[in-house]
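Novice: Structure for the following, please:
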Amino acid sequence: MPSSTYYLRSLGLLQGLPEGAARAIDQRTSVRTFERRQVIFSQGVPADTVYLLVEGTAELSRVDGSRETILLVLTPGELVGELTVSESAVYPVQARALNGCVVCAIGRRELAELVHAYPPLAWHLLTWASRNMAQAYGRIHDLASCEVPDKLLALIRHLAVRHGVPTPEGVLITLRFTQQELAALIGSCREAVSRGLKSLRDRGLISMNSRHITLRAPV
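Specialist: Residues are numbered from 1 along each chain as shown. All right, here's what the predicted structure looks like:
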């Protein structure tokens, strides 16, 4: 398996840092793989490790009782979860691999030592964290719509930009979601999602098969 330095360099995340910093990061960072639907960390457990997604896709979700809401779908170069300096902090969400993923993991204390030794690293961490924040704000704006078909269309357009491949029919979303997972992404229920998808299909905005959704309208 490639080293953490290989992944971080390929994402451009070591740019501007001295070579000593790259070596120090590699010594303190482990590379971990997760299969499809495997949990990376659970909601409520101590947040003692920072994870950076370097390959594949992952999702962040929050569980309240029997209800699960998917908050974000992450791509390589994004932090899985939050940065925290509190000794008693816990993960406020659950992280899970979507179609399998690879992460670079480093202990919170080890990361603090690196930031102290190499201050420019703090700016890189803020940049990575801001990607999650921007995506979260966009998702909140999209979910402000009251109608399920509108929420679904906003979600599908968002996924098409981040995970889409152009085809003669439109933009094929490479990720696979069940209707229950789509419902969790927009804070709805499976039955409403089923009706919403049918509405979008009848309007010619999307096409579907048993595995994928294709956005036929412009992104």
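Novice: Quick check: Leu8 is in a helix.
Specialist: Yes: assigned with DSSP: H, G, I helix; E, B strand; the rest coil, Leu8 falls within a helix.
Novice: which ones are touching Ala21?
Specialist: 14, 114, 117-118, 120-121 (C-beta atoms under 8 Å, 6 or more residues apart in numbering). Every C-beta, even on glycine, is put in place using the N, C-alpha and C of the backbone.
Novice: quick check, nearest of those to Arg162?
Specialist: Among the contacts of Ala21, Leu14 lies closest to Arg162 (C-beta to C-beta), at 23.5 Å.
Novice: on that earlier part again, quick one: which two of the contacts of Ala21 are the most distant?
Specialist: Using C-beta to C-beta, the contacts of Ala21 span at most 14.7 Å, a distance reached by Leu14 and Ala117.
Novice: who has more neighbours, those two?
Specialist: Leu14 (20 against 11; other C-beta atoms under 10 Å).
Novice: Look up the pLDDT of that one for me, please.
Specialist: Looking at Leu14, its pLDDT reads 79.
Novice: Then the one 5 residues further on?
Specialist: pLDDT, the model's per-residue confidence, is 77 for Glu19.
Novice: What about it, how many residues nearby?
Specialist: 8.
Novice: where's the residue nearest the centre of the chain relative to Ser88, distance?
Specialist: In the chain, the centroid-proximal residue (C-alpha atoms, centre = their mean) is Leu74; its distance is 1.5 Å. Distance of Leu74 to Ser88, given as C-beta to C-beta, to the nearest Å: 25 Å.
Novice: So Leu159 sits against Leu172, correct?
Specialist: No: between Leu159 and Leu172 there is no contact under C-beta atoms under 8 Å: 10.5 Å.
Novice: shared neighbours of these two, anything?
Specialist: Ile213.
Novice: Of those two, which one has the most company?
Specialist: Neighbour totals were compared for Leu159 and Leu172, and Leu159 leads with 21 against 18 (other C-beta under 10 Å).
Novice: Just say helix, strand or coil for that one.
Specialist: Assignment for Leu159 (three-state DSSP): helix.
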